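Enquirer: Turn this into a structure:
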Amino acid sequence: APAKPKDFEFFFEAAANRTQRQTALRPLLLLEPKVYSKAVAHLCQATANGREWHTDSGVMRPSTGMLAVVFATQACHNVSLFGLRDAEGCLPNHYYDPPPEGCSRDTPKQYNHSFHSFEKEHHLYRRWARHPKGKDRDGLASVHIF
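Expert: Predicted coordinates for the structure are as follows:
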């Protein structure tokens with residue numbers, strides 16, 4: 001039997017993987033809104049409700065790292081954070097950077113965004129590790145810093 005035009009159309013659609021109708025893509029949310037809200041609440045509490053924020057931008061966002069830590073403290077009994085303990089403050093704030101000049105805990109200018117405060121976040125982690133039963137803990141897991 002000779003091929004019909006519809007056969008060719010199907011063949012080329014199949015070859016291009018277009019035989020099934022695709023549904024519209026929906027946004028994929030990988031983070032529970034409660035985790036984000038809890039991270040923001042911790043930052044607000046650590047900055048006197050934003051009055052001690054390091055810029056006047058009016059925008060306060062937890063970093064991806066802080067979101068991961070807050071999620072881990074909600075999902076796990078014990079959370080270990082590596083690379084944040086250093087008596088001299090000579091560890092870099094980003095794993096791909098060399099230690100900052102002068103061995104400071106300060107965030108290098110190129111990463112010091114107005115909406116993140118890595119110093120405040122790291123201060124929170126150290127406080128959580130020192131005071132595992134603090135009143136601001138709200139059921140968080142034990143945090144250990146190495």
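
Enquirer: alpha carbons only for contacts and neighbour counts from here, please
Expert: Noted.

Enquirer: Show me the shaky parts of this structure.
Expert: Across the chain, residues meeting the criterion (pLDDT under 70) sit at 1-3, 7-8, 10-12, 14-30, 53-58, 85-114, 132-140.

Enquirer: Helices of that one, residue ranges please.
Expert: For the chain, applying DSSP state H gives helices covering 5-15, 33-46, 64-75, 118-130.

Enquirer: what would those helices look like in a markdown table with mean neighbour count and distance to Leu81?
Expert: Compiled in a markdown table, those are given as follows (neighbours: other Cα atoms under 10 Å; distance: least, Cα to Cα, whole Å):
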| stretch | mean neighbour count | distance to Leu81 |
| --- | --- | --- |
| helix 5-15 | 12 | 49 |
| helix 33-46 | 17 | 16 |
| helix 64-75 | 17 | 8 |
| helix 118-130 | 17 | 8 |
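
Enquirer: Adding distance to His144, write those out as JSON lines.
Expert: Below are these laid out as JSON lines (distance: least, Cα to Cα, whole Å):
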{"stretch": "helix 5-15", "distance to His144": "54"}
{"stretch": "helix 33-46", "distance to His144": "18"}
{"stretch": "helix 64-75", "distance to His144": "11"}
{"stretch": "helix 118-130", "distance to His144": "5"}
